[in-house]
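>>> give me a 3D structure for the following:
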Amino acid sequence: MTRIVEIGMLKRVVPMWILLVIVAALSLGASGPAPGQTPPPSPEFKRPADALFADDFSSGELKGWRSDSLSSAWSIRDGMLRAELPNEKQAHSFLFAGDTTWTDYAVDLDVCGMRGADKGFGVRVLHQHGLGIDLRGGTYGDVMLYVNRFRVGSGKAKNENGSWNHMRAEMRGGRCRLLVNDHVVYDEATRFKPPAHGGIALAAYAGGLAECTVYYDNVVVTPLAAASKP
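Take a look at the predicted model:
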């Protein structure tokens with residue numbers, strides 16, 4: 001995989017975290033487990049019969065995933081996907097999966113942040129662009145949605161480091177319905193439209209805290225019925 005494209009913004013280089021836009025410019029105020037601590041066991045995996053893509057990382061291999069230039073950030077530990085970045089501000093890395101022809105679909109996953117504030121994923125990812133979903137812990141307790149560098153939505157979503165959170169994003173046409181721990185936190189058509197089709201990406205981002213250790217598990221993509229036309 002070639003190195004992620006970067007763009008200029010506010011007279012500085014901005015990483016692809018903003019292109020996918022799982023971003024929190026100077027994410028401060030996160031706290032959590034001590035360094036090196038492992039998360040609790042992840043939730044039970046249930047693979048839907050109609051899944052377009054599913055991985056609980058029990059194979060010990062990253063089959064079907066494509067990494068960026070910092071592939072060393074990603075590993076499988078105890079049947080869970082782990083991402084850990086150097087303690088550098090704005091450090092970032094991504095794992096990609098899926099088919100560029102996917103249009104209307106849902107992504108379900110479980111995520112547990114251990115260090116840092118930011119964790120999340122991208123949907124409709126095409127040529128390093130997509131709709132980015134950033135679940136921010138610490139004093140934030142929210143979720144931010146971005147298309148390119150533009151914020152297109154947000155919502156409150158309580159989450160703490162050291163605990164698992166279930167996220168589900170449903171994409172139909174230009175509308176996104178987002179649930180965190182079974183609570184709807186966003187359900188609108190985005191002001192700036194993401195690509196009409198594309199795969200998914202998981203993100204690791206150190207932000208302004210210069211910290212990132214995050215675990216993912218039970219990633220599932222399922223098809224949705226197309227959005228109805230008025």
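
>>> from residue 141, how far out is residue 181?
Taking Cβ to Cβ, to the nearest Å as the measure, residue 181 falls 12 Å from residue 141. Bear in mind the C-beta positions are built from the backbone N, C-alpha and C, glycine included.

>>> please apply the same query to residue 126.
According to Cβ to Cβ, residue 126 and residue 141 sit 31 Å apart.

>>> picking that back up, so what sits against both of residue 181 and residue 141?
157, 159 (Cβ atoms under 8 Å, 6 or more residues apart in numbering).

>>> contacts for the helix or strand containing residue 155, please.
Assigned by DSSP states H and E, residue 155 belongs to strand 150-156. Contact partners of strand 150-156, identified using Cβ under 8 Å, 6+ apart, comprise 21, 131, 141-146, 176, 178, 180, 185-186, 188, 190-192.

>>> any stretches of this structure with poor pLDDT?
In the prediction, the chain carries residues with pLDDT under 70 at positions 1-35, 227-230.

>>> among the contacts of strand 150-156, name the buried ones.
Among those, those buried by neighbour count (16 or more other Cβ atoms under 10 Å) are 21, 131, 142-146, 176, 178, 180, 185-186, 190.

>>> now intersect the residues you listed with the strands, please.
131, 142, 143, 144, 145, 146, 176, 178, 180, 185, 186 (DSSP state E).

>>> pick the one among the residues you listed closest to residue 90.
Of all those, residue 146 has the smallest distance to residue 90: 15.3 Å, by Cβ to Cβ.

>>> quick check: bridge partners of that closest one?
Bridge pairing for residue 146 (DSSP bridges) gives the partners residue 132, residue 151.

>>> wait, doesn't residue 134 sit right on residue 144?
Yes. Residue 134 is within contact range of residue 144, at 4.6 Å (criterion: Cβ atoms under 8 Å).

>>> tell me, how many residues neighbour residue 182?
When neighbours are defined as other Cβ atoms under 10 Å, residue 182 has 7 of them.

>>> spit out the contact partners of it.
Residue 182 neighbours (Cβ under 8 Å, 6+ apart): residue 166.

>>> distance of it from residue 168?
8 Å.

>>> can you point out the buried residues in the helix or strand where residue 166 lies?
Element membership of residue 166, judged by DSSP H and E, is strand 165-172. Applying a neighbour-count criterion of 16+ other Cβ under 10 Å, one finds 165, 167, 168, 169, 170, 171, 172 buried in strand 165-172.

>>> quickly list what the first one is bridged to.
The reference is to residue 165. Under the criterion DSSP bridges, residue 165 forms beta bridges with residue 111.

>>> what is the nearest of the ones in strands among the buried ones among the contacts of strand 150-156 to residue 48?
Nearest to residue 48, judged by Cβ to Cβ, of those is residue 178 at 18.8 Å.

>>> quick check: the residue nearest to the closest one when sequence neighbours are not counted vs residue 126, distance?
Excluding the flanking residues, the one nearest residue 178 by Cβ to Cβ, 6 or more residues apart in numbering is residue 186, at 4.2 Å. For residue 186, the distance to residue 126 equals 21 Å [Cβ to Cβ].

>>> same question, residue 51
Taking Cβ to Cβ as the measure, residue 51 falls 21 Å from residue 126.

>>> contacts only, for the most centrally placed residue in the chain.
Centroid-nearest residue in the chain, with Cα atoms, centre = their mean: residue 121, separated by 1.4 Å. Neighbouring residues of residue 121 by Cβ under 8 Å, 6+ apart: 22, 107, 109, 132, 133, 167, 169, 200, 201, 202, 203.
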